[in-house]
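Enquirer: Below are the sequence and a predicted model for it; my questions follow.
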Amino acid sequence: MKTDQLVRTFVDFYLERGHREIIGTTLIPPPGDPVLFTTSGMHPLTANIEGRPHPLGRRLVDVQRCLRTTDLDEVGDDTHLTTFEMLGTWSFGDYDGPQSLRWGYELLVGRLGLDVRRLHATVHPTDLLAPPIWSELGVPVEHTGENWWSNGPTGPCGPDSEIFYWSGDGPPTGTPTTDDRWVEIWNHVTMLYRRGEDGALTPLEQPSVDTGLGLERLVTILQGVQSVHHTDTFLPWRHHVPGLWPLDETDTRVVCDHLRSAIVVIGDGVRPSNTGRGYVLRRLLRRVLTLLWRDKPGRTLADLPDDLLSHTIDHFRLLISPPEVRTVLLDEERRFRDLLIRGRQIVSRRLTRSGPLTDADFRDLHDTHGLPRDLVETLLNP
């Protein structure tokens, strides 16, 4: 099943069950949200979970693009991406958590054909409603205190039931907390409380249900590939990038992920800068360039073909053209090359003055001159 087909199957499943589709999601959070980027489907809907009516009604479904800077160091493994998409459903004071779990099972097993013998669920110890549902459906369940979802230190929160799928060879072993071959694919949260500044939990007047299903992780399972980087949405990247810039597997994954993410961030109106969202974009691009220039300083983002840019623009439904994206990429590349020229001079003077660089030197070079440690180490070992 192709990614676009899965998205349509998911949305149609919930439209058939009375949901309305939210169109036009973005990485930029709504005004007042303290995070730099949307990290989950509920960010734009927090006020609705807390009781404000949504213009589309009480049952919603959408495809929300997300970006998590906390996952940057994990990118390169089989499951993590910087920018990804969440398939989400919501019930604002309408149906309850057990109904959400039943529909989730029906979609995964009945509609998508996942093997129920490879499913496992986890629940919070205070959740007395989810375990009987999983038992009824024949899915083993594990209790863990980690199954509590919140939107930060304050705001809506409640117990969740996470659905895992076995990714190992042979029959499943252990549980999701004891064997990391269990991959989390879908989280069903019952929003029951609001946590205040003092940490106290106040019951919500309107209990709600919020679910988030990782699109790329589910596609990995359905397409039978080893990682999210081998799914159909990455095929154009994996076709072009190794031919342009031969790298090892991990670096290829990082370069593809970060460039793809940068295109989405640019498409949502962000430009490189030294603060906020612009700094995240700058960090993504400079990490790519550092990897590319480590072996061959002459490599350039100008080599990226237009159809690769167009593929990402089309998939994420961005209102930007390939030439506009290319202009931003090449301008940042030029700025970084200029920084490298100055960086070599700065590092050379530092070595002459004080000898081998210390951790304090690396921190100062980064904070004062914008030279990341891996780049400085490249300058030291050209």
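Expert: Received the coordinates, thanks.
Enquirer: helices or strands up against the helix ranked longest in the chain?
Expert: Ranked by number of residues, the top helix in the chain under DSSP state H is helix 322-354. Applying 3 or more Cβ pairs under 8 Å, 6 or more residues apart in numbering; DSSP states H and E, one finds that helix 322-354 makes contact with helix 249-267, helix 276-295, helix 306-315, helix 359-369, helix 373-380. Bear in mind the C-beta positions are built from the backbone N, C-alpha and C, glycine included.
Enquirer: could you dump the ones you listed to a markdown table with mean neighbour count?
Expert: What follows is the helices and strands packed on helix 322-354, written out as a markdown table (neighbours: other Cβ atoms under 10 Å):
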| stretch | mean neighbour count |
| --- | --- |
| helix 249-267 | 22 |
| helix 276-295 | 20 |
| helix 306-315 | 18 |
| helix 359-369 | 13 |
| helix 373-380 | 16 |
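Enquirer: could you redo those helices as JSON lines and give each row mean pLDDT?
Expert: Below are the helices and strands packed on helix 322-354 laid out as JSON lines (pLDDT from 0 to 100):
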{"stretch": "helix 249-267", "mean pLDDT": "97"}
{"stretch": "helix 276-295", "mean pLDDT": "92"}
{"stretch": "helix 306-315", "mean pLDDT": "95"}
{"stretch": "helix 359-369", "mean pLDDT": "87"}
{"stretch": "helix 373-380", "mean pLDDT": "76"}
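Enquirer: buried residues in stretch 102-119?
Expert: Neighbour-count burial for stretch 102-119, counted by 16 or more other Cβ atoms under 10 Å, picks out 103-105, 107-109, 112, 114, 119.
Enquirer: if we can go back for a sec, flag every buried residue along the longest helix of the chain.
Expert: Neighbour counts over helix 322-354 (16+ other Cβ under 10 Å) mark 322, 325-326, 328-329, 332-333, 336, 339-340, 343, 346-347, 350 as buried.
Enquirer: May I see those arranged in TSV, with distance to residue 63 and pLDDT as well?
Expert: Formatted as TSV, the buried residues of helix 322-354 follow (distance: Cβ to Cβ, whole Å; pLDDT from 0 to 100):
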residue	distance to residue 63	pLDDT
322	23	97
325	21	98
326	26	98
328	25	98
329	26	98
332	28	97
333	31	97
336	33	91
339	37	86
340	39	85
343	41	84
346	45	89
347	45	88
350	48	87
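Enquirer: all strands of the stretch 151-300 of the chain, in order?
Expert: Using DSSP state E, counting those that start in this stretch, the strands found in the stretch 151-300 of the chain span residues 155-166, 182-195, 201-214.
Enquirer: need those strands in a markdown table with mean neighbour count, can you?
Expert: Below are the strands of the stretch 151-300 of the chain laid out as a markdown table (neighbours: other Cβ under 10 Å):
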| stretch | mean neighbour count |
| --- | --- |
| strand 155-166 | 23 |
| strand 182-195 | 22 |
| strand 201-214 | 19 |
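Enquirer: Let me have those strands in CSV, extended by mean pLDDT.
Expert: Formatted as CSV, the strands of the stretch 151-300 of the chain follow (pLDDT from 0 to 100):
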stretch, mean pLDDT
strand 155-166, 96
strand 182-195, 95
strand 201-214, 95
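Enquirer: Which one of those lies nearest to residue 44?
Expert: strand 201-214 (11.6 Å; Cβ to Cβ).
Enquirer: Contact partners for residue 64?
Expert: 25, 38, 40-41, 44, 85-86, 88 (Cβ atoms under 8 Å, 6 or more residues apart in numbering).
Enquirer: quick one: residue 286 from residue 366, how far?
Expert: For residue 286, the distance to residue 366 equals 11 Å [Cβ to Cβ, to the nearest Å].
Enquirer: what residues do those two have in common as contacts?
Expert: By Cβ under 8 Å, 6+ apart, the residues touching both residue 286 and residue 366 are residue 372.
Enquirer: distance of residue 147 from residue 177?
Expert: Taken as Cβ to Cβ, the span from residue 147 to residue 177 is 10 Å.
Enquirer: One more: residue 333?
Expert: 44 Å.
Enquirer: tell me the contacts of residue 114?
Expert: By Cβ under 8 Å, 6+ apart, the contact set of residue 114 is 108, 165, 221.
Enquirer: check contacts around the spatially most central residue of the chain.
Expert: Central residue of the chain (Cα atoms, centre = their mean): residue 84, 3.9 Å from the mean position. Going by Cβ under 8 Å, 6+ apart, residue 84 touches 65-68, 214-216, 228.
Enquirer: distance of the nearest residue to residue 6 once chain neighbours are set aside from residue 103?
Expert: Spatial nearest neighbour of residue 6, chain neighbours left out: residue 219 (6.0 Å); criterion: Cβ to Cβ, 6 or more residues apart in numbering. Residue 219 is 20 Å from residue 103, where distance means Cβ to Cβ.
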